[in-house]
Structure formats: structure tokens, C-alpha cells
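> coordinates only, sequence not included:
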């Protein structure tokens, strides 16, 4: 009871409201026809406007999965949870299409980038894609995520890569719609070769024996900014400081909000879905 003798919240609610504190949603409620708004759930578990009503903008989301070692196992066992908690939730947002691609590393049987399915609103096709996702080894700890981002932003695919085949009218690389702002969500438990150092200058674990030379972070940073890509990194909580620090640095370099770095605990795919915003 406050000084005005009125009840006031003193802590985050415990699920007794209409939503979970901190989550967001896009809704047409309270907006003119053809417009929608983004609402964030407050600490009192009620929705408040975060982004005012505006015309619906199409968005293309590419889910980019690290398919090496233990992380590939998480994706395989979590395929249904990913489809239910992330893909279906994104497709429920007006104007959104979702694509899926993968990365691993160079050498052996690994592939630095594998195009899965271009952005689409066909939920059945996306579920089938997740069920049939490839699995690779990875070799050393760092992976080829920088090369994968380069391909998605229109860089020349490395001879070892397996790029998407884009339909006519789509933007090469990620096969995005020309009118749709692109959003890439990386899922991993490892840092990347040729990425930025978590702290300081230079490249992290640069490739020295791969020919032709793979893409490097400074160039990919430029292409991400040029294409207006919104970048999210979902890193498994057991990944270690290098993986966390590098992906946080990538978000900071762009520069984009720190909240676009998300930690995933075990099989917590649904929690990831609720942490992703409804629009860039």
C-alpha cells in the first residue's frame, strides 16, 4: 500500500496476469485497419504499447542453425519444439515468412553453408525441413558462421558451400523478398573462425589453410549493415565465454540492441520464441 493508500506492485508478477513479464506480441487490437502495434508485457503482467500502430511491414526471418556436434543433437531432438515454439509463432505474425539454413565448418565431410529452405509461409514445408536437417562434425571448436552470414547477404558462395536456389524476384543469398527487411537468427554453442575477437582487435581463430580464403568479419559486418539485416544470436548456456563474447560483440559492432543476444538453456526452445521480438 503506497502513501496514497492505494495498492501498488512491489515485484514482478508470478503469472497471475494476462502475459509473462518481458514478452512481446504484435496485435491489431486498438489500431486502424491495416495497421498493427507491438506490445510488451510489463512487470505487472499487463500489455503496454512498445511500438505504436503502423502499417504492416513484411519481414523475412532466416533461422541459421549450427549443425555440428552437440548442437546438432539439440536441433534434432528439438525439431518439434522449434517448429511449435519458434516457427509457428513467427508465422502467426502478419507479413512474416521464415527460412531455414545451416552451417558447420570447412574440411572433411563438413559444409560451411547449407541452404535449407527459402523464406516461406508454408509451415508444413518448414516442419519437414527441420525433421530432415543435416548433421555435420565440426572438427575443431570454432565454426563457419561468418562464411554462412556472408552467403546469406549475397557474398559469392565458397566452392564448398551449398547455397539456396532463389526463385525469380528474390534477393540472392538469403532469397529474401525485396520489400521485406531481413532478420537472421543464429543458433549455436560455439564461436566462429574469422569472426571478431570477444574483446580487442583482430580475427578470432582465422582460417589459414582454406582456399579460396573464406569471408572475414569486417566485410560481413559491412554487408549486414548494407542489407539492413537485424541480427539475433541464440547461444546455448554451456557454450563458454568465447562463444558468448563473440556473438555479443557481433551485435555490438552492427550496432544493434544488446537484448538481441539470447541464452538458450538446454531444450528451452519455447523460451527463445517468446524472447524474439515481433519486428526489427
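Nice, thanks for sending it over. Note that the structure is a prediction, hence the values are computed from the model and not measured.
> tell me the strands in the stretch 101-250 of the chain, going along the chain?
Assigned by DSSP state E, counting those that start in this stretch, the strands in the stretch 101-250 of the chain fall at 114-120, 182-188, 195-196, 203-204, 230-236.
> Kindly compare burial across the ones you listed and name the winner.
The highest mean neighbour count among the strands of the stretch 101-250 of the chain, using mean count of other Cβ atoms under 10 Å, belongs to strand 195-196: a mean of 26. Using the backbone N, CA and C atoms, a C-beta is placed for each residue, glycine as well.
> For residue 151, see how far away residue 220 is.
Distance from residue 220 to residue 151, counting by Cβ to Cβ, to the nearest Å: 10 Å.
> so who does residue 217 touch?
Residues in contact with residue 217 (Cβ atoms under 8 Å, 6 or more residues apart in numbering) are 146, 194-196, 203, 250, 253.
> any idea how far residue 66 is from it?
Separation of residue 217 from residue 66 (Cβ to Cβ): 17 Å.
> ditto for residue 106
Using Cβ to Cβ, one obtains 14 Å as the distance from residue 106 to residue 66.
> Give the residue from the two that has the larger number of neighbours.
It is residue 66, of residue 106 and residue 66, that has more neighbours when counted by other Cβ atoms under 10 Å, with 31 against 20.
> who's that one bridged to?
When bridges are taken as DSSP bridges, the partners of residue 66 come out as residue 103.
> Identify the residues contacting residue 172.
Residue 172 neighbours (Cβ under 8 Å, 6+ apart): 154, 166.
> please redo it, this time with the cut-off set to 10 Å
The contact partners of residue 172, by Cβ atoms under 10 Å, 6 or more residues apart in numbering, come to 151-155, 157, 163-164, 166.
> Got a ChimeraX select line for the buried ones in these?
What follows is the ChimeraX syntax selecting those of these that are buried according to 16 or more other Cβ atoms under 10 Å:
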select :151,152,153,155,157,163,164
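> Farthest-apart pair in the contacts of residue 172, please.
Longest distance between any two of these is 14.0 Å, between 155 and 166; criterion Cβ to Cβ.
> residue boundaries of the helices in this protein?
If DSSP state H is used as the criterion, the helices of the chain fall at 69-77, 79-82, 88-91, 123-131, 145-152, 217-226, 241-253, 269-275.
> could those helices be laid out in TSV, adding mean pLDDT and distance to residue 176?
Supplementary listing: those in TSV, determined by pLDDT from 0 to 100; distance: least, Cβ to Cβ, whole Å:
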stretch	mean pLDDT	distance to residue 176
helix 69-77	94	23
helix 79-82	96	21
helix 88-91	91	15
helix 123-131	97	16
helix 145-152	98	9
helix 217-226	97	13
helix 241-253	98	20
helix 269-275	83	21
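> thinking again about what came up before, want to throw the strands of the stretch 101-250 of the chain into TSV with mean pLDDT and distance to residue 21?
Output for the strands of the stretch 101-250 of the chain, formatted as TSV (pLDDT from 0 to 100; distance: least, Cβ to Cβ, whole Å):
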stretch	mean pLDDT	distance to residue 21
strand 114-120	98	31
strand 182-188	97	22
strand 195-196	98	33
strand 203-204	98	35
strand 230-236	97	20
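> Turn these into a markdown table, columns for distance to residue 20.
Below are the strands of the stretch 101-250 of the chain laid out as a markdown table (distance: least, Cβ to Cβ, whole Å):
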| stretch | distance to residue 20 |
| --- | --- |
| strand 114-120 | 28 |
| strand 182-188 | 20 |
| strand 195-196 | 33 |
| strand 203-204 | 35 |
| strand 230-236 | 18 |
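> what's near enough to touch residue 22?
For residue 22, the contacting residues are 12, 40-43, 45, 259, 274-275, taking Cβ under 10 Å, 6+ apart as the criterion.
> which residue sits closest to the most centrally placed residue in the chain, ignoring its sequence neighbours?
The structure's the chain has its C-alpha centroid closest to residue 185; by Cα atoms, centre = their mean the separation is 1.0 Å. Of all residues beyond its chain neighbours, the one nearest residue 185 is residue 232 (4.3 Å), with distances taken as Cβ to Cβ, 6 or more residues apart in numbering.
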